[in-house]
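[1] Compute the structure for the input listed below.
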Amino acid sequence: MNLTFQELKNGNEKLGLYKAEWLSDKIFDYFSEPGYFHQLANSRPCIIVGGRGTGKTTVLKSLSYEGQSSLNKNSNSNEWQFYGIYWKVNLNRVTSFINRGLTEEDWQPYFSHYLNLILCHKLTQFALWYEKTQKITLNLDKKILRKTLTTLNIPLDYVKNVEDLEDELDILIAELESKINSITSTDQVNLTILGAPIDRVSELLLKTPQLEGKQFVFLIDEFENFEDYQQRVMNTLIKQINNLYTFKIGVRELGWRNRATLRDNEILNSPADYFKIDMRTVFQENSFSEFAKQVVESRIPELKEIGGVEKLLPSLNEEEEANILIGSELELNIRKSINSLLPKKYLKKLESKSIGQ
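    Model (predicted):
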């Protein structure tokens, strides 16, 4: 049994032994629906808590409109009841809203505005995707559009359609990011009220004939990247959900450090405000072994080229494992180094030994 490094690499990728971020769109090819997946397919806010590598990102991405489109190729997106909007919290961006002479209280309106812009921009990106895939143009209500633009401080004559709105939101984000590093408490920036633009843009899209009666689901990944005060801002949005949108959150263990909202003495409680899925509990249940078996078996057809799962995951002793990990090229270099360091009488003994030994 001599597995090459490339065979191991190909096999590991087939079984998903890589971070979800590394696989890009391939992540949907390797997706297997976990037993708790049905608990996410509703409008109830949900928090998925788990350590690194427990599948939070994969599940959230599979709920996104891109994921559903890839996983359900035979279904038409105009038949879906909800549309998942995935956003991975960018640590570099959110940590820009701290310090530099401003208090957290000073930063809160700026971060709330940033959050509004990001989620609204994600909504318009979905709308553009929907128009492209359905080969239609969403008919925006003029009155709602005017209210939306007023809320966002966008001149009324700048936007006529979804593409214009997406472009203007992108510009607003760029403008805020360009100012944020040198901002002071006396700077004049047109800010928006937390949640108001999200409500407006959601209503604008869901009042179109094509999307009426649907709902958006914001899929927020790596929630732990938020600062504590930023988590309070997000908690407030989760607490105040409406029939237009809801939230599904992925967070590492101990990463949800602040469960309070912006209202004094108000916190998020389960099950009143959200449903919690603890990956530790999922992994302890007997059903997980069945799920793991399902994952492997679903990918066995792709593993035939390397001899099946038995060849990929053989029982190896330490010497055999070391031989595979070192490989022939590195072995040659190691033996050359040994030859230059040891007397010949010792080299003869080593020649009969494997490099792993």
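
[2] Mind jotting down where the helices sit in the stretch 1-150 of the chain?
    Assigned by DSSP state H, counting those that start in this stretch, the helices in the stretch 1-150 of the chain fall at 5-14, 20-23, 56-63, 65-71, 91-94, 104-134, 142-152.

[3] For the protein, which element, helix or strand, carries the lowest mean pLDDT?
    Least confident helix or strand of the chain, by mean pLDDT, DSSP states H and E, is helix 20-23 with a mean of 52.

[4] in the stretch 51-200 of the chain, which ranges drop under the pLDDT threshold?
    53, 184-187 (pLDDT under 70).

[5] Recalculate using a threshold of 80.
    Where the stretch 51-200 of the chain drops to pLDDT under 80, the residues are 52-55, 71-75, 181-188.

[6] before we move on, what about the stretch 251-357 of the chain?
    279-357.

[7] what about 70?
    282-315, 345-357.

[8] What ranges does it have for its helices?
    Counting by DSSP H, counting those that start in this stretch, the helices of the stretch 251-357 of the chain are 279-284, 287-303, 309-312, 318-341, 344-351.

[9] buried sites along the fourth one?
    Under the neighbour-count criterion of 16 or more other C-beta atoms under 10 Å, helix 318-341 has 320, 323-324, 326 buried. Backbone N, C-alpha and C define where each C-beta goes, glycine included.

[10] between those, which is nearest F82?
    I324 (45.9 Å; C-beta to C-beta).

[11] now that closest one: how far from L332?
    Going from I324 to L332 by C-beta to C-beta, to the nearest Å gives 15 Å.

[12] tell me the contacts of E212?
    L206 (C-beta atoms under 8 Å, 6 or more residues apart in numbering).

[13] Could I get the pLDDT score of it?
    You'll see E212 listed with a pLDDT of 93.

[14] Check T208 too.
    For T208, the predicted pLDDT is 96.

[15] okay, now it: neighbour count?
    19 (other C-beta atoms under 10 Å).

[16] Equivalent analysis for L40, please.
    20.

[17] Is it in contact with C46, as I believe?
    Yes: between L40 and C46 a contact is recorded at 5.8 Å, counting by C-beta atoms under 8 Å.

[18] Sweet, I'm off.
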